[in-house]
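1. Give me coordinates for this.
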Amino acid sequence: MSSVTVTSRGALRKSDLREANERLLLNIIRQNTGISQSDMSRMTGFAPSSVKLIVDRMRKRGLLAIGEKNGDVPMGRRPLALTLCPDAMVAMGVEIALPVTRVVMADLNGRLLKQKAVAWHGNPDVVLRRVREALDGMIGGLGRKQSLLGVGVSIPGTLDRGTGLVVAAENLGWVNVPLGSILTHGLKTHVYYENNAILSALAERWFGEPGAKVMDNFVFLTAHDGLGTGVILDGKPLLGAYGEACEFGHVTVVPDGRPCLCGNTGCWEQYASDFALVRMYGGAEKVTALEVVARAREGDREALRALDEAAEYVGRGIVNLNAAFNPEAIVVDGYLAAGWDLMEERVMTVLRARMAYRCLARMRIVKARHGSDASLMGTLALVLSGFFTEFQSRAV
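-> Got it, this is the predicted structure:
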C-alpha cells in the first residue's frame, strides 16, 4: 500500500488516502481471491459501507470481477466473491543479460502477455535503444481500459536505484552506463531498477505456489552471468546503506587466488559461477555451464570432475551464507539447479566438515521456482510489489 501524502498544513490529501485504501483492498483480494466484502470489512476494520463504496468504484474501472461465493450460507443472501481482473493493470519487465535481453509485459498474476528478445550489442547505447523501441511497441498496443503500473529492470551488477546509472556490471563490460536516462526519456510511467540476484529472490517470494508458506528469511544464489546473492531478511530485500549489500560473489574464498574483474582476488565468483565451471571443464570447444552438466550426465569424466571441483567451492560459500544470515533455505538456479543431484553429495561433505550439527540439521537447499526466468519474473514482482506494498525501491 502506498504511503499517504501530508500537505504543508498537515492535512491528508483525499486523493492519496483514497488511493491508499484502494491498494490495500486490491492487495487483500489478490492474496485472498474470492473474498467477500464483509470479510474485508472484518480484516481491515473499515465500515461495510466504506468497503462497498471502494469496491463499487474499482468495479466501474474494470479492476474487479464479482461472482457468488461458494460454500454453505446459514441464512440470507449468498455473499459476493471478489476477484481481480488480472489484465486490467499490467507490469513490464526488462532483463538485461547475455546473450539476449528480454522485454515482457504481464498481468497482475505474472502471466506473460507479450515478450520480445533483444539482440545483444557491444555498445550499450545500441542495446538500450533497442530495448526502448520494444517497450514503446508494447505500450502502444495497450487496450483502452488497461493501465501500466511501471517497468522493472534487472541488471547483473551495481547500480544507482534513484537514477538508473549502472555503476559497474563487469560481466557485461558496462561501467557508468546511464541506463536510466536512456530508457526513461519521454516514457510516461515509473521505472524501477534492481540487481538481478535481489530480483530473483523477490520473484521466489512474490510468485509462490497458492497456499504455500511464504519464506521470510532466505538467500537466493544465482549462477547466471556470474555468481550473485539476493537476501530476503524478515520479508524484505537486504540492501545495505548504499544498496550494495550481500555481494557474496565477491567475498574472498581463496586468499591470493584468481584475479576478479571487481579488482579483488580469490572471489567466490571465480570458483563457483557458471563461467568458473566452464573454465574448470577446459577444452578448446566453447560450451555453456548447462552443457557441461548435460555432458556430465552422459558420463563425460572431465565434466564430472569440473562439477565436483565447483561443488567444493559452492559448499564453502554456503557455509559463509549460513553463518551470516541463518536462512530458512538457500535457493539455487542455473547450473546449480540443473546439476544439483550430481553435486549434492560433495557440497554436503563440505558442509558436514565445516558446520555445526544444529545448523546442518535444518539446512535446506532448494531449486528456484522460476528456473532461468527468475530475475525476469523479479522485474515484474518489483513493479507489482511497489504498487501493492511498501517495498523500498525508488522509481523515477
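2. Now do whichever strand or helix holds Val366: which elements does it pack against?
-> Per DSSP states H and E, Val366 falls inside strand 365-367. Judged by 3 or more C-beta pairs under 8 Å, 6 or more residues apart in numbering; DSSP states H and E, strand 365-367 is in contact with strand 329-332, helix 340-354. Yep, even glycine has a C-beta here, placed from its N, CA and C like the rest.
3. I'd like to know how far the residue nearest to Arg352 when sequence neighbours are not counted sits from Tyr193.
-> Nearest non-adjacent residue to Arg352, counting by C-beta to C-beta, 6 or more residues apart in numbering: Leu360, 6.3 Å away. Computed with C-beta to C-beta, to the nearest Å, the distance linking Leu360 and Tyr193 is 37 Å.
4. ditto for Asp160
-> Taken as C-beta to C-beta, the span from Asp160 to Tyr193 is 8 Å.
5. any residues in contact with both of those two?
-> Taking C-beta atoms under 8 Å, 6 or more residues apart in numbering as the contact rule, Asp160 and Tyr193 both touch Gly180.
6. What segments of the stretch 1-150 of the chain are strands?
-> 64-68, 80-84, 89-95, 100-106, 112-119, 147-155 (DSSP state E, counting those that start in this stretch).
7. looking only at pLDDT, what's the mean for the fourth one?
-> In this case it means strand 100-106. Across strand 100-106, the average pLDDT comes to 97.
8. buried set for it?
-> 101-106 (16 or more other C-beta atoms under 10 Å).
9. Now flag whichever of those is closest to Gly334.
-> Closest to Gly334 out of the buried residues of strand 100-106 is Arg102 (15.9 Å), distances taken as C-beta to C-beta.
10. Return the residues in contact with that closest one.
-> 93-95, 115-118, 376.
11. Switch the residues you listed over to TSV; also include distance to Ala323, neighbour count and pLDDT.
-> TSV is the format used below for the contacts of Arg102 (distance: C-beta to C-beta, whole Å; neighbours: other C-beta atoms under 10 Å; pLDDT from 0 to 100):
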residue	distance to Ala323	neighbour count	pLDDT
Gly93	33	29	98
Val94	35	26	98
Glu95	31	24	97
Gln115	40	14	96
Lys116	42	16	97
Ala117	40	11	97
Val118	40	21	97
Leu376	31	26	97
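12. Does Leu239 touch Glu247 like I think?
-> No. Leu239 lies out of contact with Glu247 (C-beta atoms under 8 Å); the separation is 11.2 Å.
13. what do those two both touch?
-> In contact with both Leu239 and Glu247: no residue, using C-beta under 8 Å, 6+ apart.
14. Test my guess that Glu22 contacts Arg59.
-> No. Using C-beta under 8 Å, Glu22 is not in contact with Arg59; the gap is 11.6 Å.
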